[in-house]
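Enquirer: no sequence for this one, just the structure:
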């Protein structure tokens, strides 16, 4: 496959509490990525909203329909592209909590898959004295999600999931050829681990990764690492956005992936 259908873009943002402004920025970047030939566009985690407090996202919680879902559908349909919708807050079974849901829209604007973030970021970063307790507001998902697309089989993960290779192995066992990873890594943890983790997950599974991140300063006083990137199955960073808003767009060489999986068959050598 070649041309527009096989080009993948990862979008980077520095989202704020202003939903309208975030959606305008996302729309601009999606449009530019589509003009660059992308047939699949990946948005970052929390692309539509980063509030001053985690619980602020409860006000945006959606059920089976809502403006954020409508936006993703409209973008996909307008540009005739597949969209991996970062994460948006969706209704949880527990009261007072949401699911961090990543919705995948096909080029007709139909939702074809949904992944709810499984691993939650409950940590204390000593160096900057930052505390994150996602489990206070987010209910974890349980399902490992892949979806068949014109670009190959996508395996979906979100941010903190990168630290759990077992998830990616399960995605690979379900046929994943490309991992899409919306993220919002902190500046501190991103500098230490982001590129290493993205490249490791690609190498272990001989898979492409399109990792779309938040990158910049946010009104809540926190800073995200950025460095959205697309990595090939050999672990090579094909392209990346260091800081600020923007996107990267690359044509995936699926024949190259097939060759590597055939001639360097680490997946077939798994014994444990």
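Expert: That came through fine. Worth saying up front: this structure is predicted, and the values here are computed from it rather than measured.
Enquirer: tell me the buried residues in stretch 33-52?
Expert: For stretch 33-52, burial by neighbour count (16 or more other Cβ atoms under 10 Å) applies to 33-34, 37-51. Glycine gets a C-beta too; all of them are placed from N, C-alpha and C.
Enquirer: now do stretch 58-78
Expert: Residues 60-62, 68-69, 71-73, 75-77 are the ones in stretch 58-78 that count as buried (16+ other Cβ under 10 Å).
Enquirer: likewise for stretch 228-236?
Expert: Result for stretch 228-236 [16+ other Cβ under 10 Å]: buried residues 228-233, 235.
Enquirer: how about stretch 156-173?
Expert: Within stretch 156-173, the residues that qualify as buried are 156-162, 167-169, 171-172, counting by 16+ other Cβ under 10 Å.
Enquirer: pull the helix or strand with minimum mean pLDDT from this protein.
Expert: Every helix and strand of the chain was ranked by mean pLDDT, DSSP states H and E. The lowest is strand 130-133, at a mean of 89.
Enquirer: circling back to that earlier point, for the buried residues of stretch 228-236, give me CSV that also has secondary structure, distance to residue 91 and pLDDT.
Expert: Listed next are the buried residues of stretch 228-236 as CSV, based on DSSP: H, G, I helix; E, B strand; the rest coil; distance: Cβ to Cβ, whole Å; pLDDT from 0 to 100:
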residue, secondary structure, distance to residue 91, pLDDT
228, strand, 29, 98
229, strand, 32, 98
230, strand, 32, 98
231, strand, 34, 98
232, coil, 37, 98
233, coil, 37, 98
235, coil, 38, 98
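Enquirer: list the residues that contact the closest residue to residue 194 other than its chain neighbours.
Expert: Of all residues beyond its chain neighbours, the one nearest residue 194 is residue 185 (5.0 Å), with distances taken as Cβ to Cβ, 6 or more residues apart in numbering. The neighbourhood of residue 185, defined by Cβ atoms under 8 Å, 6 or more residues apart in numbering, consists of 159, 193-194, 213-214, 224-225.
Enquirer: still on that earlier bit, now, which of the buried residues of stretch 33-52 lie within strands?
Expert: Assigned to strands by DSSP state E, the following of these qualify: 40-42.
Enquirer: which of those sits closest to residue 219?
Expert: Checking these against residue 219 with Cβ to Cβ, the nearest one is residue 42 at 23.9 Å.
Enquirer: just checking, that closest one touches residue 7?
Expert: No. If you go by Cβ atoms under 8 Å, residue 42 and residue 7 don't touch, sitting 11.9 Å apart.
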